[in-house]
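Asks: please find the sequence and the predicted model below.
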Amino acid sequence: MKKIVKAAFIDTIPVLTGYLVLGFGFGIILKSNGYGILMAFIMSLMIYAGSMQYVAIGLLTSGASFITAALTTLMVNARHLFYGISMLDKYKNTGKRKPYLIFSLTDETYSLVCNDNPQIPADKRNDYYLFVSLFNHIYWILGSVLGVAVGSIVKFNSEGIDFALTALFLTVFIEQWLSTKKHIPAMIGVAVSVICLVIFGSEKFLIPTMLVISLLLCIYKEEGKND
């Protein structure tokens, strides 16, 4: 078990650096809007969705309705529906770990789990998935709490801090691009995103983008099987 924990920790170190920065930024913005460490801890523990937590601050401060919050959450996190579908086989036999694995499937965790560390034996991979997910969750909580704590002591100009989330997404995209020889799925994702952004606008393009990408990737996958 120690080897599995060690491997999971080493593999999640890049996420550690990113989540500390992103969580720190979230904590600073949260503090600048009048919320404290307890709120940061609860949101990071229970919501655990970087982009949605940044958006949630605006929803909280504007007094948004439940329906608005629910629809916004759906749009922001719609991509996780498709992540989940692609993880059906990997998480099929994870037993009691499954509920937490489903809950904690972030973009970065998805990237690590999909790349399957070849040094992990097949019968230990479920534990590896669990510890990768757990470590990443801890990193995010730690970064958020530290952000609020430091924001309570030092005054920051929080303008532009939320761009760190975009930077992390870009880093994950580049890492996956370099780690695979097949770039067609990535190019489909970029092309569809740009087209839908132009057609639907920045506030409404996410769900159409995900639907079109999923359809095209399903077609691409079927064609690959028939070759």
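Replies: Received the coordinates, thanks. Residues are numbered from 1 along each chain as shown.
Asks: make it CA atoms for all contacts and neighbour counts henceforth
Replies: Noted.
Asks: what's T106 sitting at in phi/psi?
Replies: Phi and psi for T106, reported as degrees, to the nearest 10, are phi -90, psi 180.
Asks: run a quick neighbour tally on the closest residue to it other than its chain neighbours.
Replies: Leaving aside its chain neighbours, T106 sits nearest to A49 (7.0 Å; criterion: CA to CA, 6 or more residues apart in numbering). Look at A49: counted by other CA atoms under 10 Å, it has 23 neighbours.
Asks: pretty sure T94 sits against K124.
Replies: No. In this structure, T94 is not within contact of K124 by CA atoms under 8 Å, at 10.4 Å.
Asks: those two: who's more crowded?
Replies: Between T94 and K124, T94 has the larger neighbour count (other CA under 10 Å), namely 16 against 11.
Asks: and F26, how far is that from T72?
Replies: F26 sits 18 Å away from T72, going by CA to CA, to the nearest Å.
Asks: show me which of those two is the more surrounded one.
Replies: For F26 versus T72, neighbours defined as other CA under 10 Å are more numerous around F26 (32 against 17).
Asks: related to what we said a few turns ago, now the residue nearest to T106: phi and psi?
Replies: Backbone torsions of A49, given as degrees, to the nearest 10, read phi -150, psi 100.
Asks: pretty sure it contacts L105?
Replies: No. Applying CA under 8 Å as the test, A49 and L105 come out as separate, 9.3 Å apart.
Asks: so for the two, which residues contact both of them?
Replies: Taking CA atoms under 8 Å, 6 or more residues apart in numbering as the criterion, A49 and L105 do not both touch any residue.
Asks: low-confidence ranges, the chain, go.
Replies: Within the chain, the segments meeting pLDDT under 70 span 156-169, 171-172, 175-176, 179, 206, 221-227.
Asks: ranges for the helices of it?
Replies: Taking DSSP state H as the test, the helices found in the chain are 2-11, 13-32, 37-46, 50-62, 66-76, 79-86, 98-103, 107-114, 125-153, 163-179, 184-200, 206-226.
Asks: deepest of those, which one?
Replies: Mean neighbours per residue, mean count of other CA atoms under 10 Å, is largest over those for helix 13-32, with a mean of 23.
Asks: quick check: angle from that helix to helix 107-114?
Replies: 160 degrees (axes from the mean of the first three to the mean of the last three CA atoms, to 10 degrees).
Asks: which other helices and strands contact helix 13-32?
Replies: Judged by 3 or more CA pairs under 8 Å, 6 or more residues apart in numbering; DSSP states H and E, helix 13-32 is in contact with helix 50-62, helix 125-153, helix 163-179.
Asks: centre of the chain to that helix, how far?
Replies: Offset of helix 13-32 from its chain centre (CA atoms, centre = their mean, to the nearest Å): 13 Å.
Asks: alpha carbons of that helix, as CSV, please.
Replies: The C-alpha coordinates for helix 13-32 follow below in CSV (Å, rounded to 0.1, in the frame of the first residue of the first chain):
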residue,chain,number,x,y,z
ILE,A,13,2.9,16.8,-7.6
PRO,A,14,2.2,18.8,-10.8
VAL,A,15,-1.5,19.1,-9.6
LEU,A,16,-0.3,20.1,-6.2
THR,A,17,1.5,23.1,-7.6
GLY,A,18,-1.4,24.1,-9.7
TYR,A,19,-4.1,23.6,-7.1
LEU,A,20,-2.2,25.5,-4.4
VAL,A,21,-2.0,28.5,-6.8
LEU,A,22,-5.6,28.2,-8.0
GLY,A,23,-7.0,27.5,-4.6
PHE,A,24,-5.0,30.4,-3.2
GLY,A,25,-6.5,32.7,-5.8
PHE,A,26,-10.0,31.4,-5.0
GLY,A,27,-9.4,32.0,-1.3
ILE,A,28,-8.2,35.5,-1.9
ILE,A,29,-11.2,36.4,-4.0
LEU,A,30,-13.5,34.7,-1.4
LYS,A,31,-12.0,36.8,1.4
SER,A,32,-12.2,40.0,-0.6
